[in-house]
Structure formats: structure tokens, C-alpha cells
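Q: give me coordinates for this.
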Amino acid sequence: MGSNGKSSNKDGNSNGNNNSNSNGNSKINSNSKGKVYIVGAGPGDPGLLTIKALKVIEQADVVLYDRLVSDGVLGFIPEHVEKVYVGREVGDDYAHQDTTNMLMLKYAREGKMVVRLKGGDPFIFGRGGEEAEFLVEHGIEFEIIPGITSAIAAPAYAGIPLTHRAYSSSLAIITGHEALKDKHGIDIAGIAKAVDTLVVLMGVSNLKDTVDTLLSNGIAEDTPIAIVEYGTIKDKQRVTISTLKKIVEYARDVRPPAVIVIGRTVDLAERLRWYKECKYRSFR
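A: Model (predicted):
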């Protein structure tokens with residue numbers, strides 16, 4: 001599939017009632033009541049999609065896919081499969097999730113094999129748990145197929161190990177969307193003090209506030225930090241490395257999707273960089 005794969009898929013196809021794949025094999029799901037597979041699409045590189053995920057994608061009647069599912073992964077969806085874009089844009093309210101839930105219910109009640117395809121892993125800040133609860137409440141059979149989360153894959157492609165015997169024996173993964181909320185927010189400074197490596201997902205828009213919070217709570221100014229944009233996507237990945245003191249100044253052009261890594265293992269990036277398509281820039 002070419003670079004326009006997402007927009008062309010939004011219209012979908014109408015041949016969703018086919019009960020066998022193009023090779024004539026029987027489907028994983030033979031339940032006439034329908035079944036939903038909540039599937040992790042991984043961090044973007046289609047080679048990181050799991051074999052099980054690929055199998056259910058190829059056998060699906062309909063695929064409901066998110067904004068962060070890469071064109072390479074979308075290219076695995078057979079032409080006859082109905083494709084429905086349900087991507088949630090930044091700032092969308094929860095009504096959008098309600099629409100997605102009702103689509104899963106609709107197609108499952110039609111007896112279809114439904115793949116709910118999500119970027120990364122569906123149970124890591126992917127609302128997969130909420131969607132599974134909805135299916136339970138409505139008596140719909142479902143299965144979870146994990147995916148490789150960008151929290152792990154993006155740093156790995158940037159040459160940043162999240163743990164290392166000499167530098168890091170503990171790790172926390174948080175969402176940047178929630179970190180600075182007045183109520184029920186995350187104690188980001190407390191977490192940063194408690195672990196050796198902190199990974200922040202969806203944190204670009206709150207970068208300055210996050211950094212200010214860490215610095216004002218005693219986290220050292222020279223603490224290494226990396227921002228990995230488009231973590232595993234060839235020709236798009238870029239890594240910006242700096243310190244907490246300087247990162248905001250030098251990351252003004254950083255855009256999501258991006259993974260933020262804070263901790264001493266960031267210092268290994270330039271030594272361990274193996275992904276030659278990645279663009280590195282360092283400001284110390």
C-alpha cells in the first residue's frame with residue numbers, strides 16, 4: 001500500500017460477509033455470532049507485527065483501525081476486507097470512543113469477524129481495556145492480541161536500552177496527557193525519583209510543563225533526555241538528545257508521535273545506534 005493508504009481505506013469495501021480467506025482456509029473465528037479481536041499493530045515497522053496479528057488481519061471481515069496504524073501494516077489488509085477508519089485525533093472528546101464501541105457491536109452482531117486494530121499495544125494507553133469491558137457488558141466474544149509498544153520499540157531503534165545493569169534497574173512508563181492534570185494526575189516528579197528510567201508517551205505537547213515540574217522538584221538539570229519521533233518508521237525517525245535544562249529550547253520543532261526517554265541509558269544512544277536510517281542530533 002502506498003502513502004495514501006489511510007485515506008483510501010476510510011471508504012472501506014462492501015465484501016465483509018466472506019467467511020474464508022483468499023486461500024480458502026477456514027477462519028480462526030467460526031462463531032456465527034461474531035467475534036472481536038483487539039489487536040496491537042505494533043510501533044509502525046510492519047516487520048514488527050506479530051504472526052498472530054497478521055493471521056487475523058488476513059482473515060477478517062472488517063478492520064476498524066486507528067490513526068497510528070502505519071501504512072505498512074495497513075498494506076497487509078486484503079482488498080476484499082472492509083476497512084473503517086476510527087482514528088481519534090488529539091482533543092477529540094469521548095463521544096468518538098462511543099462511536100467506535102457501537103461499530104464493534106454492530107459488526108459483531110452481524111456475525112462478522114472484527115479486527116479492532118490499534119497502534120502499539122492495545123493495553124498500553126490504547127483504551128483496549130475499556131473496549132474489552134464494553135464487549136463483556138454486551139455479551140460479545142473477544143480476544144486480545146498484544147503488540148509491541150512504542151514505549152519499548154522506539155528507544156530500541158534509537159539505540160537506547162531502557163534497562164542496563166550498569167545504569168538502570170527500574171523503569172516506569174507514563175502518559176504525558178495525564179501527567180500534569182490538577183486532579184487525579186500523575187506524580188511525575190515522584191515517579192522520576194523512584195525509577196532509573198522514565199518513559200513518557202504522548203508527552204510532546206506538555207514537554208515544557210513536564211520538564212519544569214521535574215526541575216522544580218529536584219531532578220538534576222544534567223539528566224539525559226531523548227525524544228524519539230516516528231520511532232520505527234524508515235526515513236521518518238529522528239532522535240533529539242539533550243539534558244533536562246536544554247531540551248525545551250532544542251525540541252521546538254519536535255512533533256508527535258514521539259516517545260520521551262529520561263535517564264542515564266540515553267547516554268548509550270550514540271554508541272549503540274544501529275538503525276542507519278535514523279537521524280540523530282545532540283545538544284549538550
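Q: so Lys234 versus Gly159, what's the distance?
A: Applying C-beta to C-beta, to the nearest Å, the value for Lys234 to Gly159 is 16 Å. Glycine gets a C-beta too; all of them are placed from N, C-alpha and C.
Q: and these two? Which one has more around it.
A: The residue with more neighbours, out of Lys234 and Gly159 and counting by other C-beta atoms under 10 Å, is Gly159; that gives 21 against 14.
Q: in three-state terms, label the more buried one for me.
A: Following DSSP: H, G, I helix; E, B strand; the rest coil, we place Gly159 in the coil state.
Q: how much space between the closest residue to it other than its chain neighbours and Val228?
A: Spatially, and ignoring its direct neighbours in sequence, Gly159 is nearest to Leu272 (3.6 Å; C-beta to C-beta, 6 or more residues apart in numbering). As for Leu272, its distance to Val228 is 13 Å (criterion: C-beta to C-beta).
Q: anything in contact with each of those two?
A: Ile160 (C-beta atoms under 8 Å, 6 or more residues apart in numbering).
Q: give me the neighbour count for Glu130.
A: Neighbours around Glu130, by other C-beta under 10 Å: 11.
Q: show the pLDDT at it.
A: The per-residue pLDDT reported for Glu130 equals 97.
Q: what's the local residue count around the residue nearest to it when sequence neighbours are not counted?
A: With sequence-adjacent residues excluded and distances taken as C-beta to C-beta, 6+ apart, Glu130 is closest to Gln97, at 7.2 Å. Gln97 is flanked by 16 other residues according to other C-beta under 10 Å.
Q: so Gln97 sits in a helix?
A: Yes. Under three-state DSSP, Gln97 sits within a helix.
Q: so Thr265 makes contact with Ser168?
A: Yes. Look at Thr265 against Ser168 with C-beta atoms under 8 Å: they come within range, at 5.1 Å.
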